[in-house]
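>>> sequence plus predicted model, see below.
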Amino acid sequence: RNLMTLANKSLLHRNADTGRYTIHEMLRQYAAEQLQKSGKEIATREKHMAFYADNMTTYEKHYRDTGQLVSSMRIFERDIENIQAAWQYASDNTRFDIIDELMSGLFHFYDTRGWVVKGGEVFGRTADIVKAEANDAQPILLGKLLARQAKFLFYRGAHEQALGALQESLSRIEDTDNDDELAFTLSIFADVLSYSGDFAGSQAMCERSLVIFRNNNDRWGIATALNNLGVVYYYLEDYEQAITHYEESMAISREIGDLSGVAAILSNLGAIAHDQQKYERAIELYHESMYISEKLHDPYGIAAIHVN
């Protein structure tokens with residue numbers, strides 16, 4: 001009722017497509033000033049932060065349980081400014097519990113959308129804050145932040161920085177009982193080592209992460225580890241093993257609705273077909289991968305196809 005009253009007075013405008021309300025920037029600034037003067041700014045920001053942290057659980061459950069990645073991305077994108085504001089407030093006020101709640105979903109969005117610069121900056125800044133304010137008191141949280149920062153650094157071609165962040169991440173997590181996070185970090189580490197030419201090191205990391213993912217029945221993780229192993233075998237020119245691992249990863253990715261994973265595997269299979277001079281098949285695979293990447297608005301995935 002209050003929203004409709006404000007809309008009727010032209011203070012808010014309702015978007016018929018999304019059902020969301022927008023406000024003119026000058027009015028927003030005025031409202032922010034009045035909120036600050038009222039002495040209720042901190043309480044309001046705390047409620048805002050808690051609301052989006054709670055919502056994150058619903059968002060993650062939606063994309064993991066239904067496999068509706070595209071619709072999940074739309075839901076998340078609709079709220080991204082609010083989620084980022086909640087994250088920044090939590091970081092600035094050392095609300096480590098909220099950072100942990102928001103982390104997985106925010107990382108997943110940045111990763112799927114290819115927001116690699118933004119992702120590296122956001123996770124790197126918060127890692128620096130946790131280091132300065134808590135350090136040894138929050139080893140798992142810091143390790144998680146560093147691993148995610150490392151993936152975005154890797155995407156940007158900063159391989160040495162990524163390796164440094166991963167080594168520090170692993171040192172924080174390895175002696176804890178957080179197997180899920182250890183496997184996640186090992187999986188990213190494997191990816192970086194593979195592209196750096198350390199295939200033996202990458203394969204060891206892949207196999208170690210795959211054991212943990214299988215023990216935990218983490219099908220998203222299993223698919224990722226299998227794809228990473230496929231990449232190792234591709235660089236070793238063992239195409240038969242590469243295809244075997246890619247296809248097993250593809251089957252799982254399709255079952256769980258991980259379109260981003262499917263697009264990556266199709267591109268990888270296209271690279272093998274190209275190397276084997278099966279050019280028509282390579283083009284088919286690249287086109288299918290491109291279609292999915294464009295549907296997900298994933299510039300990194302699109303760029304990877306052009307590189308292949």
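Arrived safely. Residues are numbered from 1 along each chain as shown.
>>> confidence score at Arg28?
Turning to Arg28, the model gives it a pLDDT of 67.
>>> where's the residue most central in space within the chain, which helix or strand?
Per Cα atoms, centre = their mean, the C-alpha nearest to the average position across the chain is that of His108, at 2.4 Å. Assigned by DSSP states H and E, His108 belongs to helix 96-113.
>>> please apply the same query to Leu186.
helix 179-195.
>>> that helix: how far from the chain's middle?
Chain-centre distance of helix 179-195: 14 Å, with Cα atoms, centre = their mean, to the nearest Å.
>>> please save the CA atoms from that helix in PDB.
Coordinates of each C-alpha in helix 179-195 appear next as PDB, following Å, rounded to 0.1, in the frame of the first residue of the first chain:
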ATOM      1  CA  ASP A 179      36.500 -31.000   2.500                       C
ATOM      2  CA  ASP A 180      34.100 -29.100   0.200                       C
ATOM      3  CA  GLU A 181      36.200 -26.000   0.100                       C
ATOM      4  CA  LEU A 182      39.400 -28.000  -0.100                       C
ATOM      5  CA  ALA A 183      38.100 -29.700  -3.200                       C
ATOM      6  CA  PHE A 184      36.900 -26.400  -4.700                       C
ATOM      7  CA  THR A 185      40.400 -24.800  -4.200                       C
ATOM      8  CA  LEU A 186      42.200 -27.900  -5.600                       C
ATOM      9  CA  SER A 187      40.000 -27.800  -8.700                       C
ATOM     10  CA  ILE A 188      40.800 -24.100  -9.400                       C
ATOM     11  CA  PHE A 189      44.500 -24.900  -8.700                       C
ATOM     12  CA  ALA A 190      44.400 -27.700 -11.200                       C
ATOM     13  CA  ASP A 191      43.000 -25.400 -13.900                       C
ATOM     14  CA  VAL A 192      45.700 -22.800 -13.400                       C
ATOM     15  CA  LEU A 193      48.500 -25.400 -13.300                       C
ATOM     16  CA  SER A 194      47.200 -27.000 -16.500                       C
ATOM     17  CA  TYR A 195      47.300 -23.700 -18.400                       C
END
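>>> how about that helix: buried residues?
179, 181-194 (16 or more other Cβ atoms under 10 Å). (C-beta placed from N, C-alpha, C; glycine too.)
>>> leaving out sequence neighbours, find the closest residue to Gly119.
Using Cβ to Cβ, 6 or more residues apart in numbering and skipping the chain neighbours, the partner closest in space to Gly119 is Tyr110 (3.6 Å).
>>> circling back: relative to Asp258, how far out is the residue nearest to the centre of the chain?
Separation of His108 from Asp258 (Cβ to Cβ, to the nearest Å) stands at 10 Å.
>>> what does His287 give?
Distance of His287 to Asp258, computed by Cβ to Cβ: 20 Å.
>>> go on, Asp100?
Counting by Cβ to Cβ, the gap from Asp100 to Asp258 is 23 Å.
>>> between the two, which has more neighbouring residues?
Neighbour count, other Cβ atoms under 10 Å: between Asp100 and Asp258, Asp258 has more, with 24 against 16.
>>> that one contacts Trp220, correct?
Yes. When contacts are counted by Cβ atoms under 8 Å, Asp258 is listed as touching Trp220 (6.4 Å).
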